[in-house]
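Chemist: Any chance you can model this:
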Amino acid sequence: MRLFGRSRTRAGDPRGESGGVEARCPELAEIGVDAAADPGPAHGDISVCEDCMQLGEQHWAHLRICLECGHVGCCDSSRRKHATAHFHDVGHPVMRSAEPGELWRWCYIHEVMG
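Modeler: The predicted model follows:
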């Protein structure tokens, strides 16, 4: 089964040898920067928090996308913190910002940005 956005770093890939964040965080290295650049809408609309919408709420600060399955959840500045709750519920370690122009990723396990 191919996981959402999964792009493994190959042997010899400079992303894993640079001594940067990816070298210190295997989860960020495994997902790869190309997944952060083009997450695609695995669950549909990436402009809404899936969990907030199910609760009938329409207010959140910013959105995050799980790079393993594509779940879209609200950030920790939002009341319900659904992106972090998704990590705790299912264990998918890497998410990225869903905000336009933002390409950063976050590993919940190592608490590092990549």
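Chemist: Give the residue spans of the protein that score low on pLDDT.
Modeler: For the chain, the stretches with pLDDT under 70 are 1-23, 33-44.
Chemist: which helix is the longest one in it?
Modeler: helix 82-90 (DSSP state H).
Chemist: counting contacts, what elements does that helix pack onto?
Modeler: helix 50-54, strand 63-66, strand 72-74, strand 94-97 (3 or more C-beta pairs under 8 Å, 6 or more residues apart in numbering; DSSP states H and E). No exception for glycine: its C-beta is placed from N, CA and C like everyone else's.
Chemist: who wins for proximity to residue 31 among the ones you listed?
Modeler: strand 94-97 (4.7 Å; C-beta to C-beta).
Chemist: helices or strands up against the helix or strand just after that closest one?
Modeler: Downstream of strand 94-97, the next assigned helix or strand under DSSP states H and E is strand 105-107. Helices and strands touching strand 105-107, by 3+ C-beta pairs under 8 Å, 6+ apart, are helix 26-31, helix 33-37, strand 94-97, strand 112-113.
Chemist: Within the sheet, what are the partner strands of strand 105-107, with directions?
Modeler: strand 94-97 (antiparallel), strand 112-113 (antiparallel) (DSSP bridges).
Chemist: can you put those strands in CSV and add mean neighbour count and distance to residue 61?
Modeler: Below are the strands paired with strand 105-107 laid out as CSV (neighbours: other C-beta atoms under 10 Å; distance: least, C-beta to C-beta, whole Å):
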stretch, mean neighbour count, distance to residue 61
strand 94-97, 25, 11
strand 112-113, 14, 17
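Chemist: export these to CSV and tack on distance to residue 59?
Modeler: Formatted as CSV, those follow (distance: least, C-beta to C-beta, whole Å):
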stretch, distance to residue 59
strand 94-97, 18
strand 112-113, 25
